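K.L.:
could you look at this predicted model? Sequence included:
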Amino acid sequence: MAALVREVTSSSGREFEREPVPDSALLGSGKFWGMYAGEHAAGTEFMIGPLFLAAGASLSDLILGLLLGNLLSVLTWRFLVVPIAVTKRLTLYYQLERIAGSSLVKFYNLVNGLLFCFLAGAMVTVSASAVGVPFEITFHVPADMFGLSSPSFTVLVAIVGVVIAVVAAGGYETVACIANIAAPWMIVVFAACGIVSLGLMEATNLSALSEGKYWTDAIAFVQEKNGPQKFGFWQIVVFAWLCNGAMHLGMADLSIFRFARSKASGWAPAIGMFLGHYMAWIAAALMLAALIKLQPELALGSDGKINANPGLLAFQSLGWTGIICVVIAGWTTANPTIYRAGLAFQGVLPKSSRTAMTLVAGAVATIAGAFPNLSAQLLGFVGTYGTVLGPMGAVIFVDFYLMKKLGLREEYAIHSGMQVSIAVMIAWLLPVAVGLYLIFQHGLFAAYAVIPCWFACGMLYLVLSKITQDSAVTSS
């Protein structure tokens, strides 16, 4: 997103944060394809890919499930987000402010910023795992959720986190430039990791991998050490579809596509989904399978369980090239994420400087990165992230498509002058509270909660808007 904004501001000097983007600032589809390639073929892929194998996903389920899930994800961007974005041409935050009220949006920004920090923290862990390999700094996932790794790794996380935070605080232009340069190279390295891993297992293709039982043997080894798990076809589909639920169902990418000259730009996420969330995830999973076949002892943490150590996996596949790729991939993901978190925090405290808030976000991300179990829970975290932030997209969807048709006032907060829309607040928080309860108290797979919460939020918002707006008319 920042790369797009930078291009606009370089010619106009404005970011159009509180007004529609004018025709003179619109961009062609090519800008969006490049941005999504760099954004979604990055550090998280090294962490998430091996987790599928560790969770017991079969190879056929992974290949077909990711294919369907990523297709659904692209279609959601194209047909849910883009039509609203090119019509309104407003940022997510300003659009929500007009609907929900400025005070409620500040709370949303706080939640959004904190979740961004935890995601960035996982990427700090990823980069630190790679930096630690040549220095023989051990990386293991402790038993406790908030347990630390070795003291030396914790210090390394702090150093990496400080560097990332300082770079992000300095501004996004250099970060975006380096990320755009690195993205094509990283995609090639991801593919090379998968091909080399097949070669190390003496499997000439994916069929040979399955027939030779290398994949199933690796799963059996993980199950023996970590305990039985099952990650089936529909879990893979739903995860692939909704791991970016906050961006498409939650409408966060309205801020990106508001610059799109045409709806055709809405197909751009396909390059990120199928090169990053498809090819790169499978390649990263193959890296763990190869390590288990060749050197299973290296896959074991100090607790005797299998840990997805991105740095070690990449080093075993491609040596120093793999190490450099993991460092850069984690860095290019963490930097824009910390930058976005800083902007969200600045929205909470408008008088604060972006630099100060970015450093705060970097500090929070670094602290999160010191707890490796957080990054090991990415399969669950991104579903929780979508459960919390995704439903707000239903509010925008209902406000855009249904309010006028049902005789209700759209963007009611801006017209009534309210700071907090009770209708939006209840419609958002009630389904999210129920979803989080089911996730943390009853073990519901986090991604399964996203769609029900989204629909519940939209329906509640519609009903409560009818009640509150009718009451306002009656009282006046």
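P.N.:
All right, it came through fine.

K.L.:
for the stretch 51-200 of the chain, give me the ranges with low pLDDT.
P.N.:
Applying pLDDT under 70 to the stretch 51-200 of the chain flags residues 141, 143, 145, 170-182.

K.L.:
so where do the helices sit in it?
P.N.:
Taking DSSP state H, counting those that start in this stretch, the helices of the stretch 51-200 of the chain run over residues 59-76, 82-88, 92-100, 102-132, 151-169, 172-200.

K.L.:
of these, which is nearest C457?
P.N.:
Across those, C457 has its closest neighbour in helix 92-100 (11.7 Å, C-beta to C-beta). (Each C-beta comes from the backbone N, C-alpha and C, glycine too.)

K.L.:
report the inter-axis angle for the closest one versus helix 102-132.
P.N.:
Here the directions of helix 92-100 and helix 102-132 differ by 150 degrees (axes from the mean of the first three to the mean of the last three C-alpha atoms, to 10 degrees).

K.L.:
can you dump the C-alpha coordinates of helix 92-100 into CSV?
P.N.:
Output of helix 92-100 as CSV, limited to C-alpha atoms (Å, rounded to 0.1, in the frame of the first residue of the first chain):
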residue,chain,number,x,y,z
LEU,A,92,-10.8,1.9,5.5
TYR,A,93,-10.4,4.1,8.5
TYR,A,94,-12.1,7.2,7.1
GLN,A,95,-15.0,5.1,5.8
LEU,A,96,-15.4,3.4,9.2
GLU,A,97,-15.2,6.8,10.9
ARG,A,98,-18.2,8.0,8.8
ILE,A,99,-20.2,4.9,9.6
ALA,A,100,-19.1,4.1,13.2
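
K.L.:
for that helix, list every residue counted as buried.
P.N.:
Using 16 or more other C-beta atoms under 10 Å as the test for burial, helix 92-100 gives 92-100.

K.L.:
contacts for that helix?
P.N.:
17-18, 88, 90, 104-105, 108-109, 251-255, 347, 392, 395-396, 399, 410-414, 420-421, 424-425 (C-beta atoms under 8 Å, 6 or more residues apart in numbering).

K.L.:
let's see which of these end up in helices.
P.N.:
Using DSSP state H, the members of the contacts of helix 92-100 that fall within helices are 88, 104-105, 108-109, 254-255, 347, 392, 395-396, 399, 412-414, 424-425.

K.L.:
picking up where we left off before, of the buried residues of helix 92-100, which is the nearest to M403?
P.N.:
Within the buried residues of helix 92-100, proximity to M403 (C-beta to C-beta) peaks at I99, which comes in at 9.3 Å.

K.L.:
quick one, the strand or helix carrying W428 and helix 102-132 angle?
P.N.:
Using DSSP states H and E, W428 maps to helix 422-442. Going by the same axes, to 10 degrees, helix 422-442 is angled at 40 degrees with respect to helix 102-132.

K.L.:
tell me who's in contact with the one residue sitting closest to the centre of the chain.
P.N.:
The residue lying closest to the centre of the chain (C-alpha atoms, centre = their mean) is N244, at 5.3 Å. Contact partners of N244, counting by C-beta under 8 Å, 6+ apart, are 40, 73, 382, 386.

K.L.:
from what I see, the last one and A447 are in contact.
P.N.:
Yes: proximity of G386 to A447 meets the contact threshold set by C-beta atoms under 8 Å, at 6.7 Å.

K.L.:
any common contacting residues for these two?
P.N.:
242-243, 245.

K.L.:
quick check, nearest of the residues you listed to A158?
P.N.:
C243 (28.1 Å).

K.L.:
what's that closest one sitting at in phi/psi?
P.N.:
phi -60, psi -20 (degrees, to the nearest 10).

K.L.:
what about it, how many residues nearby?
P.N.:
Neighbour count for C243, taken as other C-beta atoms under 10 Å: 27.

K.L.:
I figured it hits G386, correct?
P.N.:
Yes: judged on C-beta under 8 Å, C243 makes contact with G386 at a distance of 7.1 Å.

K.L.:
give the residues shared as contacts by the two.
P.N.:
By C-beta under 8 Å, 6+ apart, the residues touching both C243 and G386 are A447.

K.L.:
which SS class is T204?
P.N.:
coil (DSSP: H, G, I helix; E, B strand; the rest coil).

K.L.:
who's in contact with the residue nearest to it when sequence neighbours are not counted?
P.N.:
Computed as C-beta to C-beta, 6 or more residues apart in numbering, the closest residue to T204 that is not its neighbour in sequence is L198, at 7.0 Å. Counting by C-beta under 8 Å, 6+ apart, L198 touches 204-206, 208-209, 286, 290.

K.L.:
buried subset of those residues?
P.N.:
For the contacts of L198, buried by 16+ other C-beta under 10 Å: 206, 209, 286, 290.

K.L.:
what is the nearest of the contacts of L198 to L64?
P.N.:
L206 (11.8 Å).

K.L.:
which ones are touching Y108?
P.N.:
Going by C-beta under 8 Å, 6+ apart, the list of residues near Y108 reads 96, 100, 392, 428.

K.L.:
now the helices for the stretch 301-450 of the chain?
P.N.:
Using DSSP H, counting those that start in this stretch, helices in the stretch 301-450 of the chain cover 310-318, 320-348, 354-369, 372-376, 378-389, 391-401, 412-416, 422-442, 450-475.

K.L.:
give the other helices and strands that the first one contacts.
P.N.:
In other words, helix 310-318. Under the contact definition 3 or more C-beta pairs under 8 Å, 6 or more residues apart in numbering; DSSP states H and E, helix 310-318 sits against helix 43-54, helix 102-132, helix 172-200, helix 281-294, helix 320-348.
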